[in-house]
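Colleague: Fold the following for me, if possible:
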Amino acid sequence: MKKIGIFTDIRVKYNTLSPVQQKIADTVLNSGGDIALMTINDLAEKCNTSETTIMRFLRKLGINSYQVFKVRIAQESSSSPSKIIYEDVEPNDSIEEIKNKVIYSTNTSIQDLADILPDNAIESVVNLICNANRVLFFGVGASGAIAYDAFHKFLRIGLNVSFCNDSHIMSIQGSQTKNKDLIFAISHSGESKEILDAVEIAKKNKAKVVSITSYPNSTLAKMSDELLLSSTSERKYRSDAMVSRIVQLVIIDILYIILVLKYGQEAIENVNKSRLAVAKKKK
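Modeller: Next up, the predicted model:
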């Protein structure tokens, strides 16, 4: 049986909704794909209601996560199957056209970093890393791969770092942070519940929070002491966030190089030790 579309489901259930929920439904139906770019707080403000009421509305639709709701909105709003994967690609594009579009979009997004990544923000993040007793890298899904890359790089230069992509362990680690610890959270949307829960717990212990996200008005951005923006030319929300993933890796590389130069000879020696340790495992 074909799964009913999110907009169709809202229209079918419209008469069973409360007056407040009908107002939310009207906003969603009239906004279409733009909803995929909104945080739950943005939608609540647009509807003059609370985040709790938004979640009650979603549960009426059988949805328990705002993130899932946004993904379904984005998928249904796309005009063609190819745009669900990559916005600029058309169904009849040749291999050469697809290749050139992906390369162009990626290059443009990386070049945009010069404008969206302020030097003072980078400097503040570097100082937070240097002054932290330990740095905990958090990320789930595709963002978990970025967090692991950062953990791997910073471990090589001798920093006290850890990595986690498990929601339960992240929350446990967050509960045991101290005021000299630093949470480095990575989330394209800035709305991953696993990340937000762990960060909220850590902030109660006065731990500092640095985030990499593509949405400056996201919940994670608002919870962070420092924000490194990875906005790209992607105009529609996509869960795989293809281009922004590359941009986030570039941000990590920028931080890594600055830290190596800042720590100087000590960092270089640690990198060499790391290389030798790994080299012994190769034939």
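Colleague: So the nearest residue in space to residue 218 that is not next to it in sequence, which state does it fall into?
Modeller: Nearest residue to residue 218, sequence neighbours excluded (CB to CB, 6 or more residues apart in numbering): residue 190, at 2.5 Å. In short, each C-beta sits where N, CA and C put it, glycine included. Under the three-state scheme (DSSP: H, G, I helix; E, B strand; the rest coil), residue 190 adopts coil.
Colleague: Quick check: residue 190 vs residue 199, distance?
Modeller: Computed as CB to CB, to the nearest Å, the residue 190 to residue 199 distance reads 10 Å.
Colleague: list residues touching both of these two?
Modeller: Here residue 190 and residue 199 have 211, 220 as joint contacts, going by CB atoms under 8 Å, 6 or more residues apart in numbering.
Colleague: Give me the helix or strand of the chain that scores worst on average pLDDT.
Modeller: helix 81-85 (a mean of 44; mean pLDDT, DSSP states H and E).
Colleague: Could you report the neighbour count for residue 121?
Modeller: A count of neighbours around residue 121, defined by other CB atoms under 10 Å, yields 15.
Colleague: Unless I misread the structure, it falls within a helix.
Modeller: Yes - the assignment for residue 121 (three-state DSSP) places it in a helix.
Colleague: Tell me the predicted confidence for the spatially closest residue to residue 194 that is not a sequence neighbour.
Modeller: Using CB to CB, 6+ apart and skipping the chain neighbours, the partner closest in space to residue 194 is residue 167 (3.8 Å). Per-residue confidence (pLDDT) for residue 167: 94.
Colleague: ok, residue 167 touching residue 140?
Modeller: Yes - checked against CB atoms under 8 Å, the pair residue 167 and residue 140 is within contact range at 6.9 Å.
Colleague: Can you pick out the residue with more neighbours from these two?
Modeller: residue 140 (20 against 16).
Colleague: Spell out the secondary structure type for the more buried one.
Modeller: Quick answer, by three-state DSSP: residue 140 is coil.
Colleague: ok, now residue 137?
Modeller: strand.
Colleague: which ones are touching it?
Modeller: 147, 148, 150, 151, 154, 161, 162, 163, 164, 184, 186.
Colleague: Could you do residue 17 as well?
Modeller: Contacts for residue 17 (CB under 8 Å, 6+ apart) come out as 24, 25, 57, 60.
Colleague: That one and residue 28, how far apart?
Modeller: In this view, residue 17 and residue 28 are 11 Å apart by CB to CB.
Colleague: Same question for residue 255.
Modeller: Using CB to CB, one obtains 38 Å as the distance from residue 255 to residue 28.
Colleague: I'd like the next helix or strand past the least confident helix or strand of the chain.
Modeller: helix 95-116 (DSSP states H and E).
Colleague: How about that following helix, which residues are buried there?
Modeller: By neighbour count with 16 or more other CB atoms under 10 Å, helix 95-116 contains the buried residues 101, 105, 106, 109, 110, 112, 113, 116.
Colleague: Please convert the residues you listed to JSON lines, extending it with distance to residue 42 and pLDDT.
Modeller: Below are the buried residues of helix 95-116 laid out as JSON lines (distance: CB to CB, whole Å; pLDDT from 0 to 100):
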{"residue": "101", "distance to residue 42": "30", "pLDDT": "78"}
{"residue": "105", "distance to residue 42": "25", "pLDDT": "74"}
{"residue": "106", "distance to residue 42": "28", "pLDDT": "79"}
{"residue": "109", "distance to residue 42": "23", "pLDDT": "78"}
{"residue": "110", "distance to residue 42": "27", "pLDDT": "82"}
{"residue": "112", "distance to residue 42": "23", "pLDDT": "79"}
{"residue": "113", "distance to residue 42": "25", "pLDDT": "84"}
{"residue": "116", "distance to residue 42": "20", "pLDDT": "83"}
